[in-house]
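A.B. asks: I would like to see how this sequence folds:
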Amino acid sequence: MSAPLVIVGDCLRDVDVHGAVDRLCPDAPAPVLAAESRRERPGGAGLTALLAARSSSRPVRLVTALGEDAESLRALLVGVDVVAATAVGTTPTKTRMLAGDRVLLRVDAGGLGDVAVDRPVLDAIAGAGAVLVSDYGRGLTADPAVREALTAAATRVPLVWDPHPNGAPPVPGATLVTPNMSEARGYVSEVRGYSTEVRSRGFPHEPAALGEALREHWGVDAVAVTAGSRGAVLRGATGTSVTPAEPARGGDPCGA
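C.D. replies: Okay, the predicted model is just below:
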């Protein structure tokens, strides 16, 4: 069997409460949601791993941190081999209240404290056939031992890093880093100041310039700057390419 695809990152819990609204609260100008159904699923790196397991021919392993609700979260990750560091607290949970397809309110709860990274976590990264870092800024990718393991993995196998503004920077030698336009602008601004001249050049010249600046700064092979409906711009050592996006309407963008 092929070495697994290893997803490294922060697992979240997504809860959708669907219902209908036909009146307002008598004591406040707020809609009353008559809840009809509740759907729970893994979010963050957990959703990434679940989608990968459904489409990949190779085994998928999730390296993450889980807290006191680990058992219930593992039950949502069917088909995924979970290797978890132990943390205090509970998985960050995002609960969306929806009337039809419209989100009325999102309630955030939970959170993990200190994470104890142990040998099985590091061994899982070392045994990867490919690595995808799905960072949601919760601290796992900033752990020194995890970063050391990821840096070593980048010298052996393809390593793709999906960054987060509150997360750690990609490790040197990563094969591909995938910030969106807003993230890329923020990273470049932190590095050396963001040039309005670059921004005025428009698409695809702006994301190409951002990608080259970040590729050099991070010491990675390539940067793909995603730009929503306009597509993505890939900047590597040999040049630039543009991948257009096919229009999509409706649906849930989580995990896209």
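A.B. asks: measure stretch 40-51 end to end?
C.D. replies: With CA to CA, to the nearest Å applied, stretch 40-51 spans 15 Å between its terminal residues.
A.B. asks: what mean pLDDT does it have?
C.D. replies: The predicted model gives stretch 40-51 an average pLDDT of 94.
A.B. asks: what's the spacing between that stretch and its chain's center?
C.D. replies: Put simply, stretch 40-51 sits 9 Å off its chain's centre (CA atoms, centre = their mean, to the nearest Å).
A.B. asks: which residues touch that stretch?
C.D. replies: 7-16, 60-62, 64, 73, 76-80, 92, 94, 132, 134-136, 138, 162, 254-255 (CB atoms under 8 Å, 6 or more residues apart in numbering). C-beta: built from backbone N, CA, C; applies to glycine.
A.B. asks: next one: stretch 225-234
C.D. replies: With CB under 8 Å, 6+ apart, stretch 225-234 has contacts from 178-181, 184, 203-204, 207-208, 210-211, 222-224, 235, 240-245, 247.
A.B. asks: what is the burial count for S189?
C.D. replies: The tally of other residues near S189 (other CB atoms under 10 Å) stands at 11.
A.B. asks: all further residue positions should be reported with the first residue as 9.
C.D. replies: OK, 9 is where the count begins now, so the last one is S197.
A.B. asks: what does the strand or helix carrying it contact?
C.D. replies: Element membership for S197, per DSSP states H and E: helix 189-200. For helix 189-200, contacts defined as CB under 8 Å, 6+ apart pick out 171-173, 187, 202, 207, 214-215, 218-219, 221-222, 225, 231, 233-236.
A.B. asks: show me the residues you listed that map onto strands.
C.D. replies: 231, 233-234 (DSSP state E).
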